[in-house]
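Enquirer: Sequence and predicted structure are below.
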Amino acid sequence: MTAATVTLADIIDWWIEVHCACGRSADVPVRMLAQRHGPSSRLPPFVARLRCQVCGAKPLTVDLVDNPQAGAPGTGYAAQVRRPVA
């Protein structure tokens, strides 16, 4: 599996952590995105469409994380795993 072929179903238990240059950040559960856009949606085109709700800019960074905060649903790993998306 390459980054270009990753679907939301492939990473259903992960979160997308997005940071904007304006200082806003968000943790979005991939499970929620799959419910809204379909589990067969590919990740790269989805990330390319992301925009900040405050300033409208493209994200400064986008990472896949397995556990964005203590106690958050996800894969339940004790240590956070980070994988850059773009």
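Expert: Thanks, I have the structure now.
Enquirer: If you average the pLDDT over the helix ranked longest in the chain, what comes out?
Expert: Looking across the chain with DSSP state H, the single longest helix is helix 30-37. Throughout helix 30-37, pLDDT has a mean value of 91.
Enquirer: Moving C-terminal from that helix, which element do we reach first?
Expert: Next helix or strand after helix 30-37 toward the C-terminus (DSSP states H and E): helix 43-48.
Enquirer: List the buried residues in that following helix.
Expert: Within helix 43-48, the residues scored as buried using 16 or more other CB atoms under 10 Å are 43, 46-47. For the C-beta atoms, the positions are set from N, CA and C on the backbone; glycine is no exception.
Enquirer: partners of the next helix or strand after it in the sheet?
Expert: Going down the chain from helix 43-48, the next helix or strand is strand 61-65, by DSSP H and E. Next to strand 61-65 in the sheet, as set by DSSP bridges, lie strand 15-19 (antiparallel), strand 82-84 (antiparallel).
Enquirer: okay, the angle between the first one and helix 30-37?
Expert: Interaxial angle of strand 15-19 relative to helix 30-37 (axes from the mean of the first three to the mean of the last three CA atoms, to 10 degrees): 90 degrees.
Enquirer: buried sites along strand 15-19?
Expert: Per 16+ other CB under 10 Å, strand 15-19 contains these buried residues: 15-18.
Enquirer: nearest spatial neighbour of the spatially most central residue of the chain, skipping sequence neighbours?
Expert: Taking CA atoms, centre = their mean, the centroid of the chain lies closest to residue 16, which sits 1.6 Å from it. Excluding the flanking residues, the one nearest residue 16 by CB to CB, 6 or more residues apart in numbering is residue 28, at 4.6 Å.
Enquirer: re the thing from before, looking at the strands paired with strand 61-65, which has the lowest confidence?
Expert: Looking at these, the bottom one is strand 82-84 with a mean of 59.
Enquirer: can you count the residues close to residue 12?
Expert: 16 (other CB atoms under 10 Å).
Enquirer: Low-confidence regions, the protein specifically.
Expert: The chain contains residues with pLDDT under 70 at 1-4, 69-86.
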